[in-house]
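> sequence and predicted structure are below.
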Amino acid sequence: MPASPVVAELVYPDVEAAVTWLTDTFGLGVRWVAGGHRAQLAVGDAAIAVMDEQDGFRSPAGNGVTGGVLVRVDDVDGHHDRARARGARILAEPADHPYGERQYAAEDLAGHRWTFSETIADVAPESWGGTPGPALG
(Lines give C-alpha, C1' and ligand atoms only; values in the text may rest on other atoms or scores of the structure.)
Protein backbone atom coordinates (compact mmCIF):
# COMPACT_ATOMS: atom_id res chain seq x y z
CA MET A 1 0.00 0.00 0.00
CA PRO A 2 1.13 3.59 -0.55
CA ALA A 3 2.54 5.53 2.40
CA SER A 4 -0.20 8.17 2.10
CA PRO A 5 -3.37 7.39 4.08
CA VAL A 6 -5.53 8.86 1.30
CA VAL A 7 -6.05 7.30 -2.13
CA ALA A 8 -8.10 9.36 -4.57
CA GLU A 9 -10.50 7.42 -6.82
CA LEU A 10 -11.10 8.74 -10.34
CA VAL A 11 -13.67 7.27 -12.70
CA TYR A 12 -12.96 6.78 -16.42
CA PRO A 13 -15.09 5.31 -19.20
CA ASP A 14 -12.05 3.24 -20.33
CA VAL A 15 -9.61 2.25 -17.56
CA GLU A 16 -6.98 0.80 -19.90
CA ALA A 17 -6.91 3.97 -22.02
CA ALA A 18 -6.75 6.09 -18.85
CA VAL A 19 -3.79 4.11 -17.45
CA THR A 20 -1.90 4.44 -20.73
CA TRP A 21 -2.65 8.16 -21.01
CA LEU A 22 -1.88 9.01 -17.36
CA THR A 23 1.41 7.11 -17.31
CA ASP A 24 2.57 8.52 -20.64
CA THR A 25 1.31 12.09 -20.29
CA PHE A 26 1.66 12.80 -16.55
CA GLY A 27 4.41 10.28 -15.77
CA LEU A 28 2.48 8.31 -13.14
CA GLY A 29 3.64 4.76 -12.37
CA VAL A 30 1.52 1.62 -12.38
CA ARG A 31 1.23 -0.17 -9.02
CA TRP A 32 -1.24 -2.81 -10.21
CA VAL A 33 -4.03 -3.50 -12.71
CA ALA A 34 -7.16 -5.59 -12.13
CA GLY A 35 -8.46 -6.52 -15.54
CA GLY A 36 -10.03 -3.63 -17.42
CA HIS A 37 -12.05 -2.29 -14.49
CA ARG A 38 -9.56 -0.94 -11.93
CA ALA A 39 -5.92 0.04 -11.49
CA GLN A 40 -3.79 1.80 -8.93
CA LEU A 41 -1.22 4.32 -10.11
CA ALA A 42 1.74 5.58 -8.10
CA VAL A 43 2.32 9.27 -7.49
CA GLY A 44 5.37 9.55 -5.23
CA ASP A 45 4.35 8.07 -1.87
CA ALA A 46 0.66 8.31 -2.75
CA ALA A 47 -1.67 6.55 -5.16
CA ILE A 48 -4.56 7.24 -7.49
CA ALA A 49 -7.17 4.53 -8.03
CA VAL A 50 -8.48 4.46 -11.59
CA MET A 51 -11.87 2.77 -11.85
CA ASP A 52 -14.53 2.17 -14.43
CA GLU A 53 -18.07 3.52 -14.40
CA GLN A 54 -20.00 1.33 -11.97
CA ASP A 55 -22.16 1.52 -8.85
CA GLY A 56 -23.36 5.02 -9.76
CA PHE A 57 -19.89 6.45 -10.37
CA ARG A 58 -19.47 8.35 -13.65
CA SER A 59 -16.60 10.26 -15.25
CA PRO A 60 -17.00 14.05 -15.43
CA ALA A 61 -16.63 14.26 -19.23
CA GLY A 62 -19.11 16.85 -20.47
CA ASN A 63 -20.60 17.43 -17.02
CA GLY A 64 -18.30 20.14 -15.70
CA VAL A 65 -15.62 19.95 -13.03
CA THR A 66 -16.50 17.61 -10.19
CA GLY A 67 -13.21 17.81 -8.31
CA GLY A 68 -9.53 17.61 -8.93
CA VAL A 69 -6.20 16.15 -7.92
CA LEU A 70 -3.21 18.22 -6.80
CA VAL A 71 0.15 16.52 -7.24
CA ARG A 72 3.48 17.85 -5.98
CA VAL A 73 6.32 17.61 -8.50
CA ASP A 74 9.99 18.64 -8.43
CA ASP A 75 9.96 20.54 -11.74
CA VAL A 76 6.60 22.02 -12.66
CA ASP A 77 7.87 23.59 -15.89
CA GLY A 78 9.38 20.34 -17.13
CA HIS A 79 6.24 18.44 -16.15
CA HIS A 80 4.10 20.99 -17.98
CA ASP A 81 6.25 20.70 -21.11
CA ARG A 82 5.93 16.90 -21.08
CA ALA A 83 2.16 17.00 -20.60
CA ARG A 84 1.69 19.59 -23.36
CA ALA A 85 3.90 17.63 -25.77
CA ARG A 86 1.79 14.53 -25.16
CA GLY A 87 -1.49 16.30 -25.82
CA ALA A 88 -2.79 17.26 -22.38
CA ARG A 89 -5.30 20.09 -22.46
CA ILE A 90 -3.58 22.83 -20.46
CA LEU A 91 -6.10 24.85 -18.45
CA ALA A 92 -3.63 27.19 -16.74
CA GLU A 93 0.00 27.80 -17.70
CA PRO A 94 2.69 27.56 -14.99
CA ALA A 95 2.49 30.54 -12.67
CA ASP A 96 3.93 31.59 -9.32
CA HIS A 97 1.43 32.11 -6.50
CA PRO A 98 1.82 34.21 -3.35
CA TYR A 99 1.44 31.14 -1.13
CA GLY A 100 4.83 29.86 -2.33
CA GLU A 101 3.77 27.45 -5.08
CA ARG A 102 4.36 27.38 -8.83
CA GLN A 103 1.47 25.55 -10.46
CA TYR A 104 -0.20 24.65 -13.71
CA ALA A 105 -3.50 22.92 -14.39
CA ALA A 106 -4.43 20.37 -17.03
CA GLU A 107 -7.40 18.25 -17.96
CA ASP A 108 -7.05 14.55 -18.65
CA LEU A 109 -8.75 12.45 -21.31
CA ALA A 110 -11.93 11.99 -19.22
CA GLY A 111 -12.24 15.61 -18.07
CA HIS A 112 -10.63 15.29 -14.62
CA ARG A 113 -8.76 18.41 -13.53
CA TRP A 114 -5.16 17.99 -12.35
CA THR A 115 -3.04 20.69 -10.73
CA PHE A 116 0.71 20.13 -10.57
CA SER A 117 2.55 22.14 -7.93
CA GLU A 118 6.18 22.87 -7.05
CA THR A 119 7.04 24.59 -3.78
CA ILE A 120 9.22 27.61 -4.55
CA ALA A 121 9.13 29.40 -1.18
CA ASP A 122 8.23 28.70 2.44
CA VAL A 123 5.61 31.40 2.99
CA ALA A 124 3.62 32.04 6.17
CA PRO A 125 -0.14 31.95 5.49
CA GLU A 126 -0.57 35.39 7.08
CA SER A 127 1.62 36.95 4.36
CA TRP A 128 -0.89 36.10 1.61
CA GLY A 129 -4.13 36.49 3.55
CA GLY A 130 -4.44 32.95 4.91
CA THR A 131 -4.79 31.78 8.48
CA PRO A 132 -2.74 28.98 10.01
CA GLY A 133 -4.81 26.03 11.18
CA PRO A 134 -4.66 24.51 14.63
CA ALA A 135 -1.94 21.96 15.30
CA LEU A 136 -3.08 18.44 14.45
CA GLY A 137 -2.47 15.72 16.92
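Nice, I can see it.
> mind giving me the packing neighbours of the lengthiest helix in the chain?
Counting by DSSP state H, the longest helix found in the chain is helix 15-26. When contacts are defined as 3 or more CB pairs under 8 Å, 6 or more residues apart in numbering; DSSP states H and E, helix 15-26 sits against strand 29-34, strand 38-43, strand 46-52, helix 76-85. In this view, the C-beta of every residue, glycine as well, is placed from N, C-alpha and C.
> let's have the ones you listed in TSV, adding mean neighbour count and mean pLDDT.
Below are the helices and strands packed on helix 15-26 laid out as TSV (neighbours: other CB atoms under 10 Å; pLDDT from 0 to 100):
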stretch	mean neighbour count	mean pLDDT
strand 29-34	13	93
strand 38-43	20	92
strand 46-52	20	91
helix 76-85	17	97
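> now render these as TSV, adding distance to residue 134.
Shown next, in TSV, are those (distance: least, CB to CB, whole Å):
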stretch	distance to residue 134
strand 29-34	34
strand 38-43	28
strand 46-52	24
helix 76-85	30
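> closest to residue 106 out of the ones you listed?
Smallest distance to residue 106 across these (CB to CB): 5.4 Å, for helix 76-85.
> can you list the neighbours in contact with whatever helix or strand comes next after the closest one?
Next along the chain after helix 76-85, taking DSSP states H and E as the criterion, comes strand 89-96. Residues outside strand 89-96 that contact it (CB atoms under 8 Å, 6 or more residues apart in numbering) are 76-77, 80, 83-84, 102-107, 113, 120.
> try 6 Å
With CB atoms under 6 Å, 6 or more residues apart in numbering as the test, strand 89-96 has contacts from 76-77, 80, 84, 102, 104-107.
> can you tell me which of these is nearest residue 35?
Set against residue 35, the nearest of the contacts of strand 89-96 by CB to CB is residue 107 (26.3 Å).
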